[in-house]
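S.K.: here is my input; please provide its structure:
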Amino acid sequence: MTLILCKNHYSKKMKKLIFLFSFAISFNLAFSSDNPVIKSVDHLTDSIQVIMEEDQMVGAILGVIQGDSVLFSGGFGYADKKNNRLADENTLFRLGSVSKLVVALGILKLVEDGQLDINENLKDVAPDVPFKNNWESTDPVKVVHLLEHTSGFDDVKVNRFCSLEPLSLSGKEKMLAQKSSLVCRWKPGERYAYSNPNYAVLGYIIEKRSGLPFEQYLKQKIFDPLGMAMTNFESGNQKPDINTKEYKLENGIVVEAPSVSLWSGADGGMWSSAKDMLKLLRLFLDDGAPLFQAETIKRMETSSSSLAARSGLKAGYGLGNGVNYFSTKLPYFGHDGYVGTCHSGFFYNRELDIGFVMSSNREYNGRPARLIANYLLDSFPQNYPEHIPLDLEAIQPYLGQYQFDSPRNQISAFRERLMDAPALSVKDGKLIYDPLIGPASELHQTGPLTFAWKDNNIPRVILMTDEDGKKALSIMGRYYSKRSKAGVIGYRILIAISAVLILASIPVTILMLILKIFGKVKDDKITATIIPAIALIGLIISVMKLWVVQMDNVKLAELASINATSILIFLGTSIFGIGVLCTGIVALNSMLKSRFTLFNIYYMATFLAFAIVFSILWQHGWIGMRTWSL
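M.R.: Sure thing, here's the model as predicted:
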């Protein structure tokens, strides 16, 4: 058997010898190319062990099903490194957003029992949910929009994601914690944009319609009937003997990390084991039996509420159920998850009767999941969609420049929009997709206004017209509005020039200080150049601090209160705003006094550059950012 299955039966010295032997073999067999061919389950688990060693992963659980057989159910590495407690099939790991699959099942159980309709309006189902929708009279938020992330709600605010202290909140309190995100940014049912607060509201809907906290309802209706005895939605690490510890990398060294509590458990608070999750996998592979009708499971896998889905593209996010393409073969349905430091995945294909679940107690780069997914698909033939001749007349109105327009996080929407602006064109009778960054690629037509990437087997792209007659493009849920090329490119040129002028403020200040030493410039010019430099430094400090926190899931908890981190972000963004204002005052005053000198022209251009960036950041809530009150 594999190294992992042998762990409990060998001495430490023997385990080390076995590992070194398997490492040498697996390295040659599994990593001789970017797409290693895995020959057996033993080879698979040995290769995963190699990856864990290379990537400094501490522990993981894995369950794999093919047909009626469980190919593997067990653990890798340590659940508790300090106490030498090994991970096994009974160890509880955090599943993160895999929880959404189960919450969606809870909603659908209410539907099958006649207690709910997913096409009901949210205001009728739960009138006390404080959402804001400017289109409510014509395009109301429906339960299905929450399930498919087409409500238009913003994603969870950085201060409402997690806490370092255990949270004991009612279902309503968990929902209300996400109040600031419950604002529709476009018409509900138009665009897909992943939003955790959708599931905070769904958890509350389960409570409203069942009369039970969503955790209890899921236990009664899902976990207990399936025999998932250990699976739970506990807040924080409250089962130290069977829960995994969590780990992160600091300065190249693996250290234990605290276990955070989520403000809203319904979006990602589930703990489970490989043994339990295999039972959930079997539910999906058996078309919902014994708890659900087959049509219910099929409906979960089908996107329906977005403009892209209504236009004919069904390969998208369904009812708590996404699509993942680990290779160019048939897709996997399911969900991934990331919370605390646990990184998880739950994926299956009903047609092929295969599936797997995996979770690690330290974030990983996805290599193990790709390895497993491709191993299970290896014995199945490649199936390509039938290509049809390109309909040049039909696609002509859609050719041109596009702008990404369905950001997940409104606070960082400007960055996503800036980086993602593809163009469609026809060259030599072929439809070409040309991203702003990266190489162009060919799209093959598979149906009316639907397309697949070259060498892909599932259509992922569709051309659409919205209710206002405007042209749009969807790529696996990402929504793009058609724009003028001059506007899209001109805006980016303006931003690039502004960035150069802003970044130049620091070296210019250093140069002016050097000239001051030699008596070449006056004090007023030194003061003038220092102001924008200080503004830029304030912004850089804030961005770097936010970046560090965002890269460490656990540190997001720091943003929920007034502390050194949140105060530094507030001061840095405030200094930037004040600095821009002062720069404008000085620039205007200098122009009025001495008109068009070379220095004044440069300084006014610098102010305009700062003003452009200031306006963008102001629109997205960055100026004077108080993370504790977002």
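
S.K.: only C-alpha atoms for contact and neighbour calcs from this point on.
M.R.: Fine.

S.K.: and residue 268, what is it in contact with?
M.R.: The contact partners of residue 268, by CA atoms under 8 Å, 6 or more residues apart in numbering, come to 95-100, 262, 337, 339.

S.K.: and stretch 619-626, end to end?
M.R.: Using CA to CA, to the nearest Å, one end of stretch 619-626 lies 15 Å from the other.

S.K.: any buried residues in that stretch, and which?
M.R.: Of the residues in stretch 619-626, 620-626 count as buried by neighbour count, 16 or more other CA atoms under 10 Å.

S.K.: closest to residue 356 among those?
M.R.: residue 620 (39.5 Å; CA to CA).

S.K.: who's in contact with residue 513?
M.R.: Taking CA under 8 Å, 6+ apart, we find residue 513 in contact with residue 526.

S.K.: tell me how far it lies from residue 289.
M.R.: Distance of residue 513 to residue 289, computed by CA to CA: 76 Å.

S.K.: OK, contacts around residue 207?
M.R.: Residue 207 is in contact with 171, 213-214, 217, counting by CA under 8 Å, 6+ apart.

S.K.: SS state for it?
M.R.: Using DSSP: H, G, I helix; E, B strand; the rest coil, the secondary structure recorded for residue 207 is helix.

S.K.: so where's the stretch 151-300 of the chain uncertain?
M.R.: 235-238 (pLDDT under 70).

S.K.: residue ranges of the helices in it, please?
M.R.: Secondary structure of the stretch 151-300 of the chain (DSSP state H, counting those that start in this stretch): helices at 171-176, 197-210, 214-218, 224-226, 274-285, 294-300.

S.K.: in JSON lines, list those helices along with distance to residue 588.
M.R.: Converted to JSON lines, the helices of the stretch 151-300 of the chain look like this (distance: least, CA to CA, whole Å):
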{"stretch": "helix 171-176", "distance to residue 588": "46"}
{"stretch": "helix 197-210", "distance to residue 588": "45"}
{"stretch": "helix 214-218", "distance to residue 588": "60"}
{"stretch": "helix 224-226", "distance to residue 588": "71"}
{"stretch": "helix 274-285", "distance to residue 588": "66"}
{"stretch": "helix 294-300", "distance to residue 588": "60"}
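
S.K.: of all those, which lies closest to residue 465?
M.R.: Per CA to CA, nearest to residue 465 of the helices of the stretch 151-300 of the chain: helix 294-300, 24.9 Å.

S.K.: mind listing what's buried in that closest one?
M.R.: Under the neighbour-count criterion of 16+ other CA under 10 Å, helix 294-300 has 296-297, 300 buried.

S.K.: possible to save these as CSV with distance to residue 448?
M.R.: Formatted as CSV, the buried residues of helix 294-300 follow (distance: CA to CA, whole Å):
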residue, distance to residue 448
296, 28
297, 27
300, 24
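
S.K.: which of these lies closest to residue 495?
M.R.: Closest to residue 495, out of all of the buried residues of helix 294-300 and judged by CA to CA, is residue 300, at 42.1 Å.

S.K.: need the contact list for the closest one.
M.R.: 318-321.

S.K.: tell me who's in contact with the residue nearest the centre of the chain.
M.R.: Most central in the chain under CA atoms, centre = their mean is residue 194, positioned 7.3 Å from the mean C-alpha point. Residues in contact with residue 194, defined by CA under 8 Å, 6+ apart, are 149-150, 155, 408.

S.K.: for residue 240, which of the helices of the stretch 151-300 of the chain is the nearest?
M.R.: Closest approach to residue 240 among the helices of the stretch 151-300 of the chain (CA to CA): helix 274-285, 17.3 Å.

S.K.: rewinding a little: from the contacts of residue 300, which land in strands?
M.R.: In strands, defined here by DSSP state E, there are no members of the contacts of residue 300.

S.K.: pLDDT, neighbour count and distance to residue 552 added to those residues, as JSON lines?
M.R.: Shown next, in JSON lines, are the contacts of residue 300 (pLDDT from 0 to 100; neighbours: other CA atoms under 10 Å; distance: CA to CA, whole Å):
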{"residue": "318", "pLDDT": "95", "neighbour count": "27", "distance to residue 552": "29"}
{"residue": "319", "pLDDT": "97", "neighbour count": "30", "distance to residue 552": "29"}
{"residue": "320", "pLDDT": "96", "neighbour count": "25", "distance to residue 552": "26"}
{"residue": "321", "pLDDT": "96", "neighbour count": "27", "distance to residue 552": "26"}
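
S.K.: Throw these into CSV and include distance to residue 252, thanks.
M.R.: Shown next, in CSV, are those (distance: CA to CA, whole Å):
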residue, distance to residue 252
318, 39
319, 39
320, 36
321, 35
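
S.K.: just the ones of those in helices?
M.R.: Per DSSP state H, helices hold no members of the contacts of residue 300.

S.K.: now, which of those residues sits nearest residue 75?
M.R.: Closest to residue 75, out of all of the contacts of residue 300 and judged by CA to CA, is residue 321, at 25.4 Å.

S.K.: state the distance from the closest one to residue 113.
M.R.: 21 Å.

S.K.: and if you look at residue 622?
M.R.: 46 Å.

S.K.: check residue 360 too.
M.R.: 36 Å.

S.K.: neighbour count winner among these two?
M.R.: For residue 360 versus residue 113, neighbours defined as other CA atoms under 10 Å are more numerous around residue 360 (31 against 9).

S.K.: so, low pLDDT: which residues of the chain?
M.R.: 1-36, 235-238, 327-329, 595.

S.K.: run a quick neighbour tally on residue 128.
M.R.: Residues within reach of residue 128, counting by other CA under 10 Å, total 11.

S.K.: should've said residue 166
M.R.: 17.

S.K.: so how far is residue 234 from it?
M.R.: Relative to residue 234, residue 166 is positioned 10 Å away (CA to CA).

S.K.: measure residue 246 to residue 362 for me?
M.R.: 6 Å.

S.K.: can you list contacts of the helix or strand harbouring residue 93?
M.R.: Following DSSP states H and E, one finds residue 93 within strand 93-96. Residues external to strand 93-96 that are found in contact with it (CA under 8 Å, 6+ apart): 61, 243-244, 267-273, 336-340, 342-345, 359-361.

S.K.: and the residue nearest to residue 338 when sequence neighbours are not counted, what are its bridge partners?
M.R.: Take residue 338 and drop its neighbours on the chain: the residue closest to it by CA to CA, 6 or more residues apart in numbering is residue 96, 5.0 Å away. Legend: beta-bridge partners of residue 96 under DSSP bridges are residue 270.

S.K.: residue 96: neighbouring residues, count only.
M.R.: Residues lying near residue 96 (other CA under 10 Å) number 27.

S.K.: so is residue 480 in a helix, a strand, or just coil?
M.R.: Looking at residue 480 with three-state DSSP, the answer is strand.

S.K.: I'd say it and residue 407 touch.
M.R.: No: the criterion here is CA atoms under 8 Å, and residue 480 misses it with residue 407 at 10.3 Å.

S.K.: so who does residue 286 touch?
M.R.: If you count contacts by CA under 8 Å, 6+ apart, residue 286 has them with residue 350.

S.K.: how close does it sit to residue 279?
M.R.: Residue 286 is 10 Å from residue 279, by CA to CA.

S.K.: mind checking what helix or strand follows the longest helix seen in the chain in sequence?
M.R.: Taking DSSP H as the criterion, the chain has its longest helix at helix 485-517. Next helix or strand after helix 485-517 toward the C-terminus (DSSP H and E): helix 523-551.

S.K.: list the buried residues of the helix or strand following that following helix.
M.R.: Scanning forward in sequence from helix 523-551 by DSSP H and E, the next helix or strand is helix 564-594. In terms of neighbour count (16+ other CA under 10 Å), helix 564-594 has its buried residues at 565-584, 586-588, 590-591.

S.K.: now helix 564-594: how far from the chain's centre is it?
M.R.: 34 Å (CA atoms, centre = their mean, to the nearest Å).

S.K.: any idea which of the helices of the stretch 151-300 of the chain is most buried?
M.R.: helix 197-210 (a mean of 24; mean count of other CA atoms under 10 Å).
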